[in-house]
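Student: Show me the folded form of this:
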Amino acid sequence: FMSFGDIILSVSIALTTIPMPTEVLEFFPFPGGLVYGNKRTCDAQGFLLVLGAELSLFMNAILNVYYVCTIRYGISDIRMRKRYLPIMLTIAFL
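Tutor: I've put the predicted structure just below:
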């Protein structure tokens with residue numbers, strides 16, 4: 001899941017100004033950059049940016065908790081997968 005979040009975040013960043021509304025150029029003129037979007041494409045890019053960043057952050061935190069629990073506290077992999085991982089994934093996707 002962490003790679004999925006990284007892909008979403010990277011694509012939304014790579015699009016830069018393309019989904020930006022053309023009306024914005026009247027208020028914020030800047031040289032260069034392609035502008036082909038509208039308000040909905042801009043909103044979609046913002047949503048994907050936040051979603052990708054959130055997924056990457058939470059999945060990294062879950063991976064860190066998993067390593068600490070299995071290595072430091074000796075919790076078995078089966079117990080982590082059955083008991084703790086579903087709770088952490090539910091929190092991450094909310």
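
Student: Which secondary structure element of this structure has the lowest mean pLDDT?
Tutor: helix 24-27 (a mean of 75; mean pLDDT, DSSP states H and E).

Student: how about it as CSV, C-alpha atoms only?
Tutor: Taking C-alpha atoms only, helix 24-27 is exported to CSV below (Å, rounded to 0.1, in the frame of the first residue of the first chain):
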residue,chain,number,x,y,z
VAL,A,24,-6.0,31.4,-12.7
LEU,A,25,-3.6,32.9,-15.1
GLU,A,26,-5.5,36.2,-14.9
PHE,A,27,-4.8,36.5,-11.2
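
Student: Give me the helices and strands touching the helix or strand following that helix, please.
Tutor: Using DSSP states H and E, the next helix or strand after helix 24-27 towards the C-terminus is helix 39-67. Packing partners of helix 39-67 (3 or more CB pairs under 8 Å, 6 or more residues apart in numbering; DSSP states H and E): helix 2-14, helix 85-93. Placement of C-beta: from N, CA and C, glycine included.

Student: now this structure, which segments are flagged as low pLDDT?
Tutor: For the chain, residues meeting the criterion pLDDT under 70 lie at 1, 30-32.

Student: And for residue 40, the neighbour number?
Tutor: Look at residue 40: counted by other CB atoms under 10 Å, it has 10 neighbours.

Student: on that earlier part again, can you tell me which of the helices and strands packed on helix 39-67 comes nearest to residue 53?
Tutor: Smallest distance to residue 53 across the helices and strands packed on helix 39-67 (CB to CB): 5.5 Å, for helix 2-14.
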